[in-house]
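> need coordinates for the below:
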Amino acid sequence: MLEVRNLVFSYPDQESPWNFHFTVEPGQCIAIHGASGSGKSTLMNLLAGFLEPQSGDILWQDESLRQQAPWQRPFTSVFQEHNLFEHLNVETNIGLGIHPGLKLTPENQQAIEQGLDSVGLEGFGKRLPGDLSGGQRQRVALLRALLRKKPILLLDEPLTGLDSEARDLLRQLLLDEKARGTLIVLASHDKEDRQLLADSVHRL
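Okay, the predicted model is just below:
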């Protein structure tokens, strides 16, 4: 279980701090819902370890993650900006998510090829991100996250701006991932995304 326990954070010029508190079980999705500026992206950065809270704790399987560096935590993140390396081709971008030194096994290579096929990008492995549409780039970013096989996915507006075909495809990928036991924390303005993917909603 993931437990966010009275996690308090505020920026220097902020009048009142945020306080985040919720629990989620493996195989479930919690949607983080609130207006712009309500703290959704801040919460994601706190969970990932990119921001340090003033107080509170983050527990995974009853163990605190507060002292763990971002790369040690059981999360993988997908943001709206994709975060792809523009000078590296698609398969290399995905491979770096699996192993930062690109020491990939034949099984890893096969998983990348099969994964690209599953998201409708068969034959796109040698293309650069600049040659892809926004929806195609987001498929690559999500596939990279899934192939890391971390137990928790942090998704910050991952489907915003995509066409209906790409959105439906990625929604199904996420539903399949939930069925495999992955826990998902989803920040989304989209009501339909929340209705289709989320088991619970945390309102900010």
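> now do the same contact list for residue 53.
Residue 53 makes contact with 7-9, 46, 66, according to C-beta atoms under 8 Å, 6 or more residues apart in numbering. Quick note: C-beta positions are derived from backbone N, CA and C, even for glycine.
> what pLDDT does it get?
At residue 53, the model reports a pLDDT of 97.
> quick one, phi psi at it?
The phi/psi pair for residue 53 (degrees, to the nearest 10) reads phi -70, psi 160.
> which of the contacts of residue 53 are buried?
With burial judged by 16 or more other C-beta atoms under 10 Å, the buried subset of the contacts of residue 53 is 7, 9, 46.
> in TSV, list the residues you listed along with pLDDT and distance to residue 108.
Listed next are these as TSV, based on pLDDT from 0 to 100; distance: C-beta to C-beta, whole Å:
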residue	pLDDT	distance to residue 108
7	96	35
9	97	36
46	97	31
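> next, format these as JSON lines and append distance to residue 127 and secondary structure.
Output for those, formatted as JSON lines (distance: C-beta to C-beta, whole Å; DSSP: H, G, I helix; E, B strand; the rest coil):
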{"residue": "7", "distance to residue 127": "40", "secondary structure": "strand"}
{"residue": "9", "distance to residue 127": "39", "secondary structure": "strand"}
{"residue": "46", "distance to residue 127": "35", "secondary structure": "helix"}
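> distance to residue 105 added to those residues, as CSV?
Shown next, in CSV, are those (distance: C-beta to C-beta, whole Å):
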residue, distance to residue 105
7, 37
9, 39
46, 34
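> where exactly do the helices run in this structure?
Taking DSSP state H to define them, one finds helices in the chain at 40-48, 90-98, 106-118, 134-147, 164-179, 191-197.
> turn those into a markdown table, columns for distance to residue 71.
Shown next, in a markdown table, are those (distance: least, C-beta to C-beta, whole Å):
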| stretch | distance to residue 71 |
| --- | --- |
| helix 40-48 | 10 |
| helix 90-98 | 12 |
| helix 106-118 | 18 |
| helix 134-147 | 14 |
| helix 164-179 | 21 |
| helix 191-197 | 26 |
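> of the contacts of residue 53, just say which sits nearest to residue 18.
Nearest to residue 18 out of the contacts of residue 53 is residue 9 (C-beta to C-beta; 5.5 Å).
> so what pairs up with that closest one in the strands?
Beta-bridge partners of residue 9, counted by DSSP bridges, are residue 18.
> hmm, it is touching residue 17, no?
Yes - in this structure, residue 9 is within contact of residue 17 by C-beta atoms under 8 Å, at 6.2 Å.
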